[in-house]
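# coords below, sequence missing:
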């Protein structure tokens, strides 16, 4: 298949982009610190200007571009593929290159029901599974247009296992395929790792992981890695998880299956549906409200990792930065829309 060159305006840098690859993925595979977060068109972090050449836009209506961006000729690198040699203008960020992603064939080996609408799926590769706890991968699913981003729930391992907690989305094509059509032994393509909201073991602060929905997946990975990290042996690890109803809370079972995690992590759960609180002995509130209730004035002394639906992540970020003046560099999350 043909490859095209990408030149970076103002930089002495040229890379190759395989046919079908996006500009963002090609840059990350080349080890360049291209700015990004979601890698799926929603957050707008990977904007660039096209200086020369022709590109194809995969998603014309991607919400990551505002009307003003479009009138100014900006594009999303995660949604653009070059149709020939191109020159682009972007401000690179060297810190955005933790691991180089690559494509690989994997096979579904197990699937475990966690709740009525959440499963943990395990895929196997012949090579070791190399990623940082908290990162995600892109799954290419047969018959489903566009990649689907899911965060790993396990730890890097030599056995080549990639585990994902997936929540069934109403009318979701990707999760619908994973729940209804994918069978044990079926192959798919996995592309990764991606993501910048991974565990920072060099930071010596108590760790707070906050998850909602399938955002629990990277939080379990981060917590499991943190309790095994010698450099963090003196730090507390707190896990907050919010669901709508009592049957959505699966954290006790997930923690109990990991002997190391169960002895080190402190878990707090909340449900948001007050109508189902009669069958619930725990907290009934939004999960960011529970974080504020438990941590209070000590908020600034923690390192925060969080993942979940956009309303949840927006509320958590606003609560931490605006209400409690937590420095933004103590917040780690990838925005998915």
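Here it is on my side, so go on. Since the structure is predicted, the reported quantities are computational estimates derived from the model, not experimental observations. Numbering: from 1, shown residues only.
# For residue 55, give the beta-bridge partners.
residue 82 (DSSP bridges).
# Contacts only, for it.
23, 75, 80, 81, 82, 83, 86 (C-beta atoms under 8 Å, 6 or more residues apart in numbering). Bear in mind the C-beta positions are built from the backbone N, C-alpha and C, glycine included.
# Pull the number of nearby residues for the third one.
Counted with other C-beta atoms under 10 Å, residues neighbouring residue 80 total 22.
# Surely residue 243 and residue 249 touch.
Yes - counting by C-beta atoms under 8 Å, residue 249 is a contact partner of residue 243 at 5.0 Å.
# neighbour-wise, which of these two wins?
Neighbours were counted for residue 243 and for residue 249 using other C-beta under 10 Å; residue 243 has more, 24 against 20.
# any idea which helix is longest in the protein?
Ranked by number of residues, the top helix in the chain under DSSP state H is helix 216-226.
# Give me the helices and strands touching whatever helix or strand comes next after that one, please.
Using DSSP states H and E, the next helix or strand after helix 216-226 towards the C-terminus is strand 237-243. Contacts defined by 3 or more C-beta pairs under 8 Å, 6 or more residues apart in numbering; DSSP states H and E place strand 237-243 against strand 206-212, helix 216-226, helix 251-256, strand 265-271, helix 287-295.
# Name the residues that touch strand 237-243?
Here strand 237-243 makes contact (C-beta under 8 Å, 6+ apart) with 115, 206-213, 216, 219-220, 223, 226-227, 249, 251, 255, 264-272, 286-287, 290-291, 294, 302, 308, 312.
# Tabulate the helices and strands packed on strand 237-243 (TSV), appending mean pLDDT and mean neighbour count.
Below are the helices and strands packed on strand 237-243 laid out as TSV (pLDDT from 0 to 100; neighbours: other C-beta atoms under 10 Å):
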stretch	mean pLDDT	mean neighbour count
strand 206-212	97	25
helix 216-226	98	27
helix 251-256	96	16
strand 265-271	97	19
helix 287-295	97	20
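# Nearest to residue 96, out of these?
Closest to residue 96 of these, according to C-beta to C-beta: helix 216-226, at 17.4 Å.
# What sits closest to residue 85 if chain neighbours are left out?
Leaving aside its sequence neighbours, residue 85 sits nearest to residue 5 (C-beta to C-beta, 6 or more residues apart in numbering; 4.7 Å).
# And the one you found, how far from residue 32?
As judged by C-beta to C-beta, to the nearest Å, residue 5 and residue 32 stand 14 Å apart.
# tell me, what's touching these two both at once?
Jointly contacting residue 5 and residue 32 under the rule C-beta under 8 Å, 6+ apart are residue 15.
# of those two, who's got more company?
Ranked by neighbour count (other C-beta under 10 Å), residue 5 and residue 32 place residue 32 first, with 21 against 15.
# State the distance from residue 205 to residue 334.
20 Å.
# now do residue 128
Computed as C-beta to C-beta, the residue 128 to residue 334 distance reads 23 Å.
# Among those two, which residue is more densely surrounded?
Per other C-beta under 10 Å, whichever of residue 128 and residue 334 has more neighbours is residue 334, with 26 against 12.
# doesn't residue 150 make contact with the more buried one?
No - with contact defined as C-beta under 8 Å, residue 334 does not count as touching residue 150 (11.8 Å).
# what's the overlap in contacts for the two?
Residues touching both residue 334 and residue 150 by C-beta under 8 Å, 6+ apart: residue 136.
# where are the low-confidence patches of the stretch 201-337 of the chain?
336-337 (pLDDT under 70).
# Give the bridge partners for residue 267, please.
With DSSP bridges as the criterion, residue 267 is bridged to residue 239.
# Same check on the one 4 residues further on?
Partner residues in beta bridges with residue 271, using DSSP bridges, are residue 243, residue 284.
# Which residues lie in contact with it in this structure?
By C-beta under 8 Å, 6+ apart, the contact list for residue 271 reads 242, 243, 244, 245, 246, 248, 249, 277, 280, 282, 283, 284.
# List buried residues within those residues.
242, 243, 245, 246, 248, 249, 280, 283, 284 (16 or more other C-beta atoms under 10 Å).
# of those, closest to residue 232?
Taking those together and measuring to residue 232 by C-beta to C-beta, the closest member is residue 242, at 24.4 Å.
# what's the nearest residue to the closest one if we skip its chain neighbours?
residue 287 (3.0 Å).
# got the angle for the helix or strand harbouring residue 314 vs helix 287-295?
For residue 314, the host element (DSSP H and E) is helix 310-318. Our comparison of helix 310-318 with helix 287-295, counting by axes from the mean of the first three to the mean of the last three C-alpha atoms, to 10 degrees, yields an angle of 30 degrees.
# moving C-terminal of helix 310-318, what's the next helix or strand?
Sequence-wise, the next helix or strand downstream of helix 310-318 (DSSP H and E) is strand 331-332.
# What is that following strand packed up against?
Going by 3+ C-beta pairs under 8 Å, 6+ apart, strand 331-332 lies up against strand 302-307.
# How about the contacts made by residue 48?
23, 74, 75, 76, 77, 88, 89, 90.
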